[in-house]
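J.: sequence first, predicted model second:
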Amino acid sequence: MRGFEKCVLILVVLLLGQVAAVGAGGFPTDQPFASFWFPNELLSWNPDLDPDAPFNRSAIPLQGRFRNPALQVNPHARPNAAQVVALSIMNPSTSNNPSQGSLRFDAFTFNYWQYTDLLVFWGGSAGEGIILAPNPGVIDAGHRNGVPVLGTIFFPPIAFGGQLNWLQDLVQRSGATFPVADKLIEVAETYGFDGWFINQETNGGDAALATDVRDFIRYVQANSSLHIQWYDSMIESGPISWQNELNSLNDAFLEESGRVSDTMFLNFFWNTTRLANSRSHAMGLGRDPYEVFAGIDVQANGFNTPVNWPALFPDGSPHVVSLGFFAPNWTFSNASSREEFYQNANRFWVSANRDPAVTEPPVSWRGVAHYIPAYSPIDSIPFVTHFNTGQGNLYAIDGEVSRVGDWNNRALQDVLPTWRWRIDSSSTPMFPELVWSDAYNGGTSLRVSGDLGATNQLNLFATQLDIAGDSVLQIAYKTGSSGTDTHLEVGLNFEDGLGLGPLELLDVGTTTTDGWNTKEFDLSAFSGQTLARLSLRFDSATTVNGYSIDIGKLAIIAGTADLPQPPSNLVIVNKVEPDPQTATLRLTWEHSADDVIAYNVYRRNPDASLTHLGGTPNNAYFVAELNRVGVEVVTTVEVEAVGLEGGRSSTATTSFLWADMGLIFEDGFESGDTSAW
């Protein structure tokens with residue numbers, strides 16, 4: 001048989017033998033997932049032997065954050081008082097929770113971090129596993145905004161499959177140690193999250209078991225810096241008996257001759273008296289009453305949930321205790337579209353008026369912003385945002401669309417505006433919104449539209465940025481036409497002795513293209529001052545009907561964007577070809593020597609262009625779908641580092657041979673050598 005004919009025959013056999021490698025939930029067979037275990041399973045976990053572990057590591061350290069009293073927009077909100085914890089179902093099930101997002105737009109991309117002090121990655125089930133570690137995207141997004149993220153240890157009620165032996169397994173001892181506690185510490189430190197929420201609802205325990213649980217928590221405290229939040233369920237004598245308050249029956253899980261848990265989440269049936277008692281009892285223990293969280297179950301009804309707000313946040317008096325939400329992911333799960341999800345979330349966290357300063361109408365749910373002022377993590381240069389929500393229908397790189405198709409990855413979410421939305425206008429205000437139809441970097445941009453008939457100031461970000469002689473401000477914007485007035489100015493307010501200084505304006509001017517425009521402003525005239533607020537102002541001497549502009553980037557950096565060193569040692573750890581035209585890849589590389597915000601992963605196309613495959617701050621990434629171009633034999637994959645100022649490095653590269661083309665002919669040439677055909 002001639003070589004060419006043999007190649008065709010073997011290739012046909014191979015193609016007929018290909019089986020689509022699609023696993024549970026429609027994810028690729030090789031998809032890495034977030035980790036979950038039963039206690040004894042965790043004892044045998046070794047991150048060096050877990051093939052998914054490299055993809056489950058967070059890469060963003062926990063950032064600081066601040067509140068500036070001069071920027072508080074709602075007079076009812078109280079700083080330095082109640083905290084907020086969100087127990088959020090970030091994925092529909094404990095299993096099949098992709099480590100780094102997926103090729104789907106729809107995901108609960110939580111993004112109201114400014115009103116949140118702790119986020120619990122809620123999950124666990126009797127049928128899958130009761131210990132659930134957060135996936136790295138949620139950790140990275142939380143940390144970028146200064147919010148710690150906790151995993152969940154969930155002991156279900158017996159009626160829902162709970163087994164008391166799981167709790168006994170958790171608190172088993174080996175001499176002076178608790179082996180499962182050591183593993184829980186190892187998991188959190190390996191993956192880079194901040195602690196555990198313990199939800200013990202399995203009945204049948206006694207006082208001795210309750211003491212073991214308390215000692216177990218103390219052991220974690222003594223051997224780590226992890227945050228432990230305890231749920232008001234088990235009492236000190238052993239049974240499950242929800243108290244709906246902090247009292248003498250459950251306080252040993254918070255404080256007994258020293259700190260046990262860091263915080264406690266109260267069950268949902270509290271009232272004015274129980275919250276007042278909880279506050280007094282916490283203070284009697286020498287604990288901050290805001291380390292006690294009054295639980296509100298919003299899973300079924302979201303912002304339609306009836307809440308006794310005056311018992312928690314009485315008007316004209318200090319907050320009583322802190323606020324705990326169970327399942328605020330209702331904003332997503334109850335939405336029929338992405339637009340409704342974002343509308344739900346804004347109403348839940350801000351107000352029915354889309355304005356954290358306007359929460360006064362007599363509605364039962366005024367929004368969290370009515371009670372809690374916003375935090376900001378923007379306390380140092382560089383500051384760069386592209387308004388990326390961590391999901392999209394496309395992916396853009398510096399104004400050019402590099403990939404079309406749905407995706408979500410919370411690790412790529414930017415710091416979003418502090419206030420959504422705070423507009424000062426003497427007329428009908430403009431309408432700001434996050435949109436996914438276009439982007440400068442990532443999948444989202446900020447669109448401001450409406451009939452521009454008066455000055456509109458859109459206050460976006462609270463900042464604490466010390467401006468230096470080399471500081472510059474960058475903006476990317478798009479109106480869809482060239483040579484037209486943008487009617488846009490960037491507004492800067494600096495701190496002064498009275499709080500907030502006068503508004504300084506930088507005129508963006510006229511567009512030079514119908515695509516993305518960029519402009520840079522020298523800020524050296526403000527050297528030595530601290531920028532407190534960053535805003536956009538829209539103005540026109542005459543009414544502009546149907547005005548619309550997209551903002552794709554706002555940044556303050558030092559001089560020209562630094563170009564980071566590239567990553568190195570890019571390796572394809574595993575490749576799966578579910579069909580002749582598609583591959584999935586597990587990639588790892590060595591980190592850049594410089595600080596980076598993320599790495600971009602591309603494939604090099606036969607025409608030398610690049611297609612974006614995904615991104616991560618980590619040094620491991622799973623490519624869920626790489627599409628073959630034609631009958632290419634070899635495909636090259638490239639990874640670049642993106643520096644903190646947005647500069648992009650040169651790339652690390654590697655290549656792979658498609659399996660169905662790697663055939664050796666009898667006459668000695670490979671199938672990839674088409675010159676011999």
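T.: Received, thanks.
J.: after the helix or strand containing Ile153, which helix or strand is next?
T.: Following DSSP states H and E, one finds Ile153 within strand 149-155. Where DSSP H and E defines the elements, the next helix or strand beyond strand 149-155 is helix 164-170.
J.: list the buried ones in that next one?
T.: Trp166, Leu167, Asp169, Leu170 (16 or more other CB atoms under 10 Å). Where C-beta positions appear, they are placed from N, C-alpha and C, glycine not excepted.
J.: contacts for that helix, please.
T.: Residues outside helix 164-170 that contact it (CB atoms under 8 Å, 6 or more residues apart in numbering) are 38-40, 130, 153, 155, 158, 180, 200, 202-205, 209, 213, 216.
J.: report the buried members of those residues.
T.: Among these, those buried by neighbour count (16+ other CB under 10 Å) are 38-39, 130, 153, 155, 180, 200, 202-203, 205, 209, 213, 216.
J.: related to what we said a few turns ago, and of the buried residues of helix 164-170, the nearest to Pro69?
T.: The shortest approach to Pro69 among the buried residues of helix 164-170 belongs to Leu170, at 43.8 Å (CB to CB).
J.: measure that closest one to Leu164 for me?
T.: According to CB to CB, to the nearest Å, Leu170 and Leu164 sit 11 Å apart.
J.: check Ser333 too.
T.: From Ser333 across to Leu164, the span is 31 Å (CB to CB).
J.: for this structure, give me the ranges with low pLDDT.
T.: 1-25, 362, 661-677 (pLDDT under 70).
J.: report the central residue of it.
T.: Ala141 (3.0 Å; CA atoms, centre = their mean).
J.: please state the offset of whichever strand or helix holds it from the chain centre?
T.: Assigning secondary structure by DSSP H and E places Ala141 in helix 136-144. Centroid separation for helix 136-144 versus its chain: 4 Å, with CA atoms, centre = their mean, to the nearest Å.
J.: that helix to strand 149-155, inter-axis angle?
T.: In terms of direction (axes from the mean of the first three to the mean of the last three CA atoms, to 10 degrees), helix 136-144 departs from strand 149-155 by 130 degrees.
J.: can you list the residues that contact helix 136-144?
T.: Helix 136-144 is contacted by residues 55-63, 90, 99-101, 109-111, 113, 119, 121, 148-149, 191-193, 377, 390, 409-415, 616-618 when judged by CB under 8 Å, 6+ apart.
J.: now, those that are in strands?
T.: Among the contacts of helix 136-144, the residues falling in strands (DSSP state E) are Leu119, Phe121, Val149, Thr616.
J.: now flag whichever of those residues is closest to Thr385.
T.: When these are compared for distance to Thr385 (CB to CB), Thr616 comes out closest, at 18.3 Å.
J.: which residues does that closest one contact?
T.: Counting by CB under 8 Å, 6+ apart, Thr616 touches Ala59, Gln100, Pro136, Asn409, Ala411, Leu412, Ala598, Tyr599, Val601.
J.: for the chain, which strand is longest?
T.: In the chain, with assignment by DSSP E, the single longest strand is strand 544-558.
J.: quick one: distance of that one to the chain centre.
T.: Strand 544-558 sits 24 Å away from the centroid of its parent chain (CA atoms, centre = their mean).
J.: now for that strand, which elements pack on it?
T.: Based on contacts counted as 3 or more CB pairs under 8 Å, 6 or more residues apart in numbering; DSSP states H and E, the elements that strand 544-558 packs against are strand 383-385, strand 445-452, strand 456-466, strand 471-478, strand 530-538.
J.: nearest to Thr588, of those?
T.: Thr588 lies closest to strand 383-385 among the helices and strands packed on strand 544-558, at 26.1 Å (CB to CB).
J.: list the buried residues of stretch 539-550.
T.: By 16+ other CB under 10 Å, the buried positions in stretch 539-550 come out as Val544, Tyr547, Ile549, Asp550.
J.: going by distance to Trp270, which of these wins?
T.: Of all the buried residues of stretch 539-550, Trp270 sits closest to Asp550, with 45.5 Å by CB to CB.
J.: hang on, that closest one packs against Ile475?
T.: No. Using CB atoms under 8 Å as the test, Asp550 is too far from Ile475 to be in contact (11.3 Å).
J.: and Asp315, how many neighbours?
T.: Using other CB atoms under 10 Å, Asp315 has 7 neighbouring residues.
J.: got phi/psi on Ala86?
T.: In terms of degrees, to the nearest 10, the main-chain angles of Ala86 are phi -120, psi 110.
J.: could you measure it against Phe55, distance?
T.: As judged by CB to CB, Ala86 and Phe55 stand 25 Å apart.
J.: what's the answer for Thr510, then?
T.: Counting by CB to CB, the gap from Thr510 to Phe55 is 46 Å.
J.: strands of the stretch 301-450 of the chain, residue ranges please.
T.: When secondary structure is read from DSSP state E, counting those that start in this stretch, the stretch 301-450 of the chain shows strands at 322-326, 383-385, 391-397, 400-408, 422-425, 431-435, 445-452.
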